[in-house]
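J.: sequence first, then the predicted structure:
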Amino acid sequence: MDKVTNIVNKAELAGTQIAHDMSIWGLFMQADIVVKSIMILLILSSIWCWAIIIDKKITFKKLNKRANKFERAFWSGEALESIYKRIQGHATDPMARTFCAGMNEWKLTMDSRAGNKEALSASLQQRIDRAMATTINREVNYLEKYMTFLATVGSTAPFIGLLGTVWGIMNSFAAIAGSHNTSLAVVAPGIAEALFATALGLVAAIPAVVAYNKFSTDLNRYADRLDAFSSEFSSILSRHIEQQSTNRQAA
């Protein structure tokens, strides 16, 4: 009798194991609708994060390459007027657009000869600095696009996955209570489905956090580079303004 009971139990256990597909696709398809919705949300978030990561990686690589090229031209000894005429209207990177913003303010004031001789130097310098600062802020704000999404996914995805886990485990315990069977074969599939949601949350969050930290550092370095260029360019223009003011006074 005991032998027959053991055979029946083994058969039931085997049937339970066959009924539950423990592959990734099987865990997803057999999950509760709430857990499944959470999984889909996390998968879509992870895909979008990787799209942002790839885009940011390419963008920062291009920006640094173009900035290096522009700085070589700027410090090559070529006249500022010549550089300005060559890139005016089609500047392709933030550093070149910062340069054009400063030169635009310089040209507008010099061409119009606005202001008296005493006030021209100070007012023009302030307008140039303000124009370049505004351009830098606008460029940095544009480069920060989608960074908030990475930060949000990095901080919330584990908790969203944990919500799916808690919900799945609740369903598992409800199934145990309904079947009056505490066998591990009954509990394991539901718990596996629940833990899969947490795993997806970590898969989405970890790359997002790492990428956010890296790109934040890259963005800060690039912003510092723009600020340094702006200060150097402002100093050059300041010397030109002072020289022109001196020449006017001598005349």
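T.: On my side now, so go ahead.
J.: where does Pro207 land on pLDDT?
T.: At Pro207, the pLDDT value in this model is 95.
J.: how about it: what's its closest non-neighbour residue?
T.: Using CB to CB, 6 or more residues apart in numbering and skipping the chain neighbours, the partner closest in space to Pro207 is Cys49 (6.1 Å). For the C-beta atoms, the positions are set from N, CA and C on the backbone; glycine is no exception.
J.: residues contacting that neighbour?
T.: Residues in contact with Cys49, defined by CB atoms under 8 Å, 6 or more residues apart in numbering, are 149-150, 153, 204, 207-208, 211.
J.: report the distance from the strand or helix carrying Ser155 to the chain centre.
T.: Secondary-structure assignment from DSSP states H and E places Ser155 in helix 147-179. Mean-position distance between helix 147-179 and its chain equals 25 Å (CA atoms, centre = their mean, to the nearest Å).
J.: for it, name the packing helices and strands.
T.: helix 33-74, helix 184-250 (3 or more CB pairs under 8 Å, 6 or more residues apart in numbering; DSSP states H and E).
J.: got the angle between the first one and helix 184-250?
T.: To tie it back to what came earlier, the one meant is helix 33-74. 30 degrees (axes from the mean of the first three to the mean of the last three CA atoms, to 10 degrees).
J.: so is Gly77 in a helix, a strand, or just coil?
T.: coil (DSSP: H, G, I helix; E, B strand; the rest coil).
J.: residues near it, how many?
T.: For Gly77, the count of nearby residues is 6 (other CB atoms under 10 Å).
J.: any idea how far it is from Ile83?
T.: 11 Å (CB to CB, to the nearest Å).
J.: next one: Asp93
T.: When Asp93 is compared with Ile83 (using CB to CB), they lie 13 Å apart.
J.: with Phe70 instead?
T.: 9 Å.
J.: of those two, who's got more company?
T.: Phe70 (21 against 18).
J.: let me know whether the more buried one touches Met95 as I believe.
T.: Yes. Counting by CB atoms under 8 Å, Phe70 does reach Met95; the two are 5.2 Å apart.
J.: only alpha carbons, please: show stretch 132-144 as CSV.
T.: The C-alpha coordinates for stretch 132-144 follow below in CSV (Å, rounded to 0.1, in the frame of the first residue of the first chain):
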residue,chain,number,x,y,z
MET,A,132,28.1,82.8,-24.1
ALA,A,133,26.8,81.7,-20.7
THR,A,134,23.2,81.6,-22.1
THR,A,135,24.4,79.4,-25.0
ILE,A,136,26.3,77.1,-22.7
ASN,A,137,23.3,76.6,-20.4
ARG,A,138,21.1,75.9,-23.4
GLU,A,139,23.5,73.3,-24.8
VAL,A,140,24.0,71.6,-21.4
ASN,A,141,20.2,71.5,-20.8
TYR,A,142,19.8,69.8,-24.2
LEU,A,143,22.6,67.2,-23.4
GLU,A,144,20.8,66.4,-20.2
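J.: what residues are up against the residue positioned nearest the centre of the chain?
T.: For the chain, the residue whose C-alpha lies nearest the mean C-alpha position (CA atoms, centre = their mean) is Met147; its distance is 3.1 Å. Met147 sits next to 212, 215-216, 219 when contact means CB under 8 Å, 6+ apart.
J.: where in the chain is pLDDT low?
T.: The model of the chain has pLDDT under 70 over residues 1-29, 31, 111-122, 175, 177-190, 244-251.
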